[in-house]
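Trainee: Structure of the sequence below:
(chains A, B, C, D, E and F)
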6 protein chains.
Amino acid sequence: MPTFNTGLPSVRQIQSFIKDKTSVEIGLLNNQTAEGRILWLDENCLCLLENREEKALIWIHAIAYIKPH
Amino acid sequence: MPTFNTGLPSVRQIQSFIKDKTSVEIGLLNNQTAEGRILWLDENCLCLLENREEKALIWIHAIAYIKPH
Amino acid sequence: MPTFNTGLPSVRQIQSFIKDKTSVEIGLLNNQTAEGRILWLDENCLCLLENREEKALIWIHAIAYIKPH
Amino acid sequence: MPTFNTGLPSVRQIQSFIKDKTSVEIGLLNNQTAEGRILWLDENCLCLLENREEKALIWIHAIAYIKPH
Amino acid sequence: MPTFNTGLPSVRQIQSFIKDKTSVEIGLLNNQTAEGRILWLDENCLCLLENREEKALIWIHAIAYIKPH
Amino acid sequence: MPTFNTGLPSVRQIQSFIKDKTSVEIGLLNNQTAEGRILWLDENCLCLLENREEKALIWIHAIAYIKPH
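Mentor: Take a look at the predicted model:
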């Protein structure tokens, strides 16, 4: 995250998705979408456990949106 | 926002959209559009309450434009 | 603007467009174009009064070019 | 330019295009191309005198390549 | 990597892919994909040994995701 | 290069391409490709001598990958 500050609403929202094992849809800037649940988040990437049990590293700079699925 | 300074016209405009519950259209760099009203804004994202009552985290870096709908 | 310095030619050019109420075409990185006149510019966005009298916040990071229309 | 240092080869090359009034083709990240000659360059933009005598402000962040036409 | 800190989960994950010679799929922002195994990572790029034994320098800024193949 | 440090593997790899006059393929984020050999590299751009003997300034921010051709 450009600003990885756990006090920010955006970071707290993603941390809630992680804690609650929320199923999310992630829309990417290349128009692909990925679905699954987020395992962790750092300054560069988040890790998505996709529904077929693959773990994908998704770059923050490539994300357009995240929403509960 | 690259410059998240509440004195800036762009930040104040979005804060007005939030306060006034203005219905907006957000155009993304991947050519998708999203509609709804903005709930909050931070340095990384804004949160959009979409018309079907989903909350989407939309990354600032992915936004092309916002306009009242 | 990455460098929002009113001494720069690019900033002065846009400020002339604002002052002279020049009708401009703005080409975006997602291949959309917008037309109208620029009302203000800050570090993040410019505000475009579109021809149908809508005000759009356009992100600087999404702009490919601006030219008089 | 991310690094606007007149000692850099890239900056000097563009300054030669300006001085020599070289006709160039500019390829943009949105796959559009523009042709003309460069009038000036600053940290944010270059100004292109297009062949139909329009002056376009082109954002550096939107440029993929420049080559003599 | 914007934050090239070997303590970060994203950096450690990629270093595991390198050490374990994991076959990965890399999705790019231009919608291309590349497959192979990662040889090294630095602040700008990673080097991918593609399946036809070509080594490609892939820019971090162009990556949307990486996942085991 | 975001990090133009001649000790980095990515910078050294490109400097080897320059020294060895290696024929390379450069894939851009707009899905275009360019072929030729690299003449120089600086913080903003590299200069590619294309096969038809044109010199193109290619912006680092627009590059997805480089590989020997």
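Trainee: and the longest strand along chain A, is it in reach of chain E?
Mentor: With secondary structure taken from DSSP state E, chain A has its longest strand at strand A:33-41. Yes. Strand A:33-41 reaches chain E (C-beta under 8 Å from any C-beta of the partner chain) through A:34, A:40. Bear in mind the C-beta positions are built from the backbone N, C-alpha and C, glycine included.
Trainee: Touching that strand from outside, list them.
Mentor: Identification of contacts with strand A:33-41 by C-beta atoms under 8 Å, 6 or more residues apart in numbering or on different chains yields A:1, A:11, A:14-15, A:17-18, A:21-28, A:46-51, A:55-56, A:58, A:69, E:9, E:65.
Trainee: try it again with 6 Å
Mentor: By C-beta atoms under 6 Å, 6 or more residues apart in numbering or on different chains, the list of residues contacting strand A:33-41 from outside reads A:14, A:17-18, A:21, A:23, A:25-27, A:46-51, A:69, E:9.
Trainee: what are the pairing partners of the helix or strand just after it, and which direction each?
Mentor: For strand A:33-41, the following helix or strand on the C-terminal side (DSSP states H and E) is strand A:45-50. Applying DSSP bridges to the sheet, strand A:45-50 is found paired with strand A:33-41 (antiparallel), strand A:55-59 (antiparallel).
Trainee: which one of these has the most crowded surroundings?
Mentor: Most buried of those by mean neighbour count (mean count of other C-beta atoms under 10 Å in any protein chain shown) is strand A:55-59; its value is a mean of 22.
Trainee: residues making contact with that strand?
Mentor: Counting by C-beta under 6 Å, 6+ apart, residues outside strand A:55-59 touching it are A:45-50, E:13, E:63, E:65-67.
Trainee: Low-confidence stretches in chain A?
Mentor: For chain A, the stretches flagged by pLDDT under 70 are A:1-3.
Trainee: how far away is the residue lying farthest from the centre of it from chain C?
Mentor: No residue in chain A has its C-alpha farther from the mean C-alpha position than A:Gly7, which lies at 17.2 Å (C-alpha atoms, centre = their mean). As judged by C-beta to the nearest C-beta, to the nearest Å, A:Gly7 and chain C stand 21 Å apart.
Trainee: any idea how far that residue is from chain E?
Mentor: From A:Gly7 to chain E the distance is 18 Å (C-beta to the nearest C-beta).
Trainee: go on, A:Ile18?
Mentor: 12 Å.
Trainee: now do A:Leu8
Mentor: Separation of A:Leu8 from chain E (C-beta to the nearest C-beta) stands at 16 Å.
Trainee: which ones are touching that residue?
Mentor: A:Leu8 sits in contact with B:Asp42, where contact means C-beta under 6 Å, 6+ apart.
Trainee: next one: A:Gly27
Mentor: With contact taken as C-beta under 6 Å, 6+ apart, A:Gly27 is in contact with A:33, A:64-65.
Trainee: Please apply the same query to A:Ala64.
Mentor: A:27, A:29, B:28, B:30, B:62.
Trainee: The closest residue in space to the last one that isn't next to it in sequence: which element?
Mentor: Across the structure, with C-beta to C-beta, 6 or more residues apart in numbering or on different chains as the measure, the residue nearest B:Ala62 apart from its sequence neighbours is A:Ala64 (4.0 Å). Here A:Ala64 is covered by strand A:63-68, with elements defined by DSSP H and E.
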